[in-house]
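> What follows is a protein structure lacking sequence information:
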């Protein structure tokens with residue numbers, strides 16, 4: 001069998017087993033780089049921990065004294081910890097935008113263009129790798145919260161629901177962030193584009209109830225995505241009223257995830273095709289260079 005025919009066979013058809021293998025390889029690459037250069041993961045975890053300590057020990061007494069009603073039945077940390085955990089998931093999404101943009105600007109994508117790999121494996125590996133790092137960071141922040149006095153009363157089923165909700169949110173935000181990383185021209189802009197997402201929990205019910213806010217801000221806080229997610233998370237962990245927040249939270253996760261997953265593959269294909277040379281023969285052209293870019 002000639003080299004040209006072998007190349008044609010591998011690049012024109014990538015069975016599911018090859019696609020999975022390529023995605024796993026990319027995932028392992030992302031995780032190895034995270035272990036070798038842990039600075040991004042450390043910063044992403046440290047910021048929620050700092051906010052947790054700040055709002056618990058510096059501002060917790062004053063803020064907690066001003067919260068009345070069923071929202072706060074114990075110490076203020078029981079109110080703020082679910083919001084900080086939610087912030088950890090939002091902050092973790094920055095990693096996907098950064099690492100994808102770094103690969104795009106540092107030249108490694110040019111090497112991938114010359115290889116017969118599944119065109120979806122690059123993005124899938126980054127999304128899975130960032131999702132694992134976000135989950136580990138959330139576990140660390142939750143452990144710190146428990147160590148300084150956070151006392152949830154959730155049952156096993158409620159804990160499983162918490163894990164499912166946070167995983168759904170992390171997946172949705174990671175896909176959205178991946179699209180931002182593909183769009184960004186520089187690493188600096190990739191770190192700035194997802195930044196508003198990390199602070200949206202503060203403009204919801206993460207720190208104080210929305211009914212304590214002034215008119216326009218209260219309206220925004222009640223209808224932005226993180227408020228129903230935070231109310232669902234707090235209700236599962238602390239037993240407060242959830243109402244229809246759970247359905248709204250799942251709907252927001254689906255909308256965000258579908259939007260990110262819909263846009264990211266098209267952007268990835270345009271990135272991979274950006275240097276496809278028209279003079280390359282069909283036998284040696286990578287598969288994504290023969291796919292429509294629309």
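Here it is on my side, so go on. Being a predicted model, the structure only gives us computed values, none of them experimental.
> contacts, neighbours, all on C-alpha from now
Fine.
> Residue 199 is in contact with residue 87, correct?
Yes. Between residue 87 and residue 199 there is a contact at 7.5 Å, judged by C-alpha atoms under 8 Å.
> And those two? Which one has more around it.
Higher neighbour count among residue 87 and residue 199: residue 87, with 24 against 14, using other C-alpha atoms under 10 Å.
> Relative to residue 31, how far out is the more buried one?
With distances taken as C-alpha to C-alpha, to the nearest Å, residue 87 is found 22 Å from residue 31.
> One more: residue 127?
Counting by C-alpha to C-alpha - residue 127 and residue 31 are separated by 11 Å.
> try residue 93
15 Å.
> Settle it for me: which of those two has more neighbours?
Legend: neighbour count by other C-alpha under 10 Å for residue 93 and residue 31, higher for residue 93 (30 against 19).
> residues in contact with the more buried one?
Counting by C-alpha atoms under 8 Å, 6 or more residues apart in numbering, residue 93 touches 130, 134, 170, 173-174, 177, 194.
> separation between the residue nearest to residue 141 when sequence neighbours are not counted and residue 120?
With sequence-adjacent residues excluded and distances taken as C-alpha to C-alpha, 6 or more residues apart in numbering, residue 141 is closest to residue 49, at 6.1 Å. For residue 49, the distance to residue 120 equals 34 Å [C-alpha to C-alpha].
> who's more crowded, those two?
residue 49 (20 against 17).
> In this structure the more buried one contacts residue 144, no?
Yes. Counting by C-alpha under 8 Å, residue 144 is a contact partner of residue 49 at 7.4 Å.
> what sits in contact with each of the two?
Both residue 49 and residue 144 lack any common contact, where contact means C-alpha under 8 Å, 6+ apart.
> helix or strand for the residue nearest to residue 141, which one?
helix 39-53 (DSSP states H and E).
> What are the buried residues along that helix?
41, 44-46, 48-49, 51-53 (16 or more other C-alpha atoms under 10 Å).
> Tell me which stretches of the stretch 1-150 of the chain form helices.
Remark: helices assigned in the stretch 1-150 of the chain by DSSP state H, counting those that start in this stretch are 3-12, 16-36, 39-53, 60-66, 76-92, 94-106, 108-113, 121-147.
> Residue 242 is nearest to which of the ones you listed?
When these are compared by C-alpha to C-alpha, helix 76-92 sits nearest residue 242, at 13.6 Å.
> just checking, what packs against that closest one?
helix 39-53, helix 60-66, helix 121-147, helix 156-183, helix 195-199, helix 226-238 (3 or more C-alpha pairs under 8 Å, 6 or more residues apart in numbering; DSSP states H and E).
> Is it possible to get CSV of these that adds mean pLDDT?
Below are the helices and strands packed on helix 76-92 laid out as CSV (pLDDT from 0 to 100):
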stretch, mean pLDDT
helix 39-53, 87
helix 60-66, 75
helix 121-147, 91
helix 156-183, 92
helix 195-199, 85
helix 226-238, 93
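> Kind regards, and thank you for your time.
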